[in-house]
Structures are given as structure tokens and as C-alpha cells.
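A.B. asks: I'd like to go over a predicted model; first the sequence, then the structure.
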Amino acid sequence: MTITAAEVTASNREVTSWTQPYPPYLEQVESGPADRFRYDAVQSEEGGRFFHAQNRHVIMEVPPDFPEDAPHDFARLTLGQLSGPLAHGNYLNIELRTLPACAHTMC
């Protein structure tokens, strides 16, 4: 199974320098069929630290024809590859640190 994750924030959703209308992969996630979603939850930003700020965390299984080549500023990592940087609190942002926790709920 191949899954994808892309961080989309209010600020980067409207960036006009994207070659696509939105950040890469957002369209595939937003138009994806419900049976491909493995995790989908809205959580408050840093435990409610920021007033009314929320993040939607989605883990979605992608179809076999999903493009394997990633944009130059993206990296494809396994959950295992994220474990090293997770040991250091300041290497990954809070949204990316949340992804492995979401994935572990699927086990």
C-alpha cells in the first residue's frame, strides 16, 4: 500500500507560484474516493494553543497509477525513515510529527 501526505496550510494553499492551482497532491486528496481514506481527522493546532486554528490530517491510499516522481522540493519517506528525525524535537514541524501518530492509529 502506498500512502501520501502533503502539508497544506491556509498560507500555502493560495501561493501563486505553484505550477498547479494548489500545492502538489491536494487535488488528488480532495477528490479522492472515500474508500481510499485510511485516516481523516481535524485537530486543533498545537492542542488549542492558537485560537480557532485547526489542521486536517489525512492519510490516503493512492491508486497504482499515482505518479512516482515527486516535485523537486518534496521528499518521499517511509514511516521508518521518519523515526530518526523524530528523536530530535526540532527537526520536524508539529504537523509532520503528527503524521506517524496518525498512522499508528491504523494498526
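C.D. replies: Cool, got the structure.
A.B. asks: who does the longest helix belonging to the chain touch, helix- and strand-wise?
C.D. replies: With DSSP state H setting the assignment, residue counts place helix 94-104 as the longest helix in the chain. If you count contacts as 3 or more C-beta pairs under 8 Å, 6 or more residues apart in numbering; DSSP states H and E, helix 94-104 packs onto strand 37-44, strand 54-61, helix 79-86. Every residue, glycine included, has its C-beta placed from N, CA and C.
A.B. asks: at 6 Å what do you get?
C.D. replies: Helices and strands touching helix 94-104, as assessed by 3 or more C-beta pairs under 6 Å, 6 or more residues apart in numbering; DSSP states H and E, comprise strand 54-61, helix 79-86.
A.B. asks: and the angle for it with helix 79-86?
C.D. replies: Here the directions of helix 94-104 and helix 79-86 differ by 140 degrees (axes from the mean of the first three to the mean of the last three C-alpha atoms, to 10 degrees).
A.B. asks: pull out the buried residues from helix 94-104.
C.D. replies: 95, 98-99, 102-103 (16 or more other C-beta atoms under 10 Å).
A.B. asks: quick one: mean pLDDT for that helix?
C.D. replies: Regarding helix 94-104, the rounded mean pLDDT is 79.
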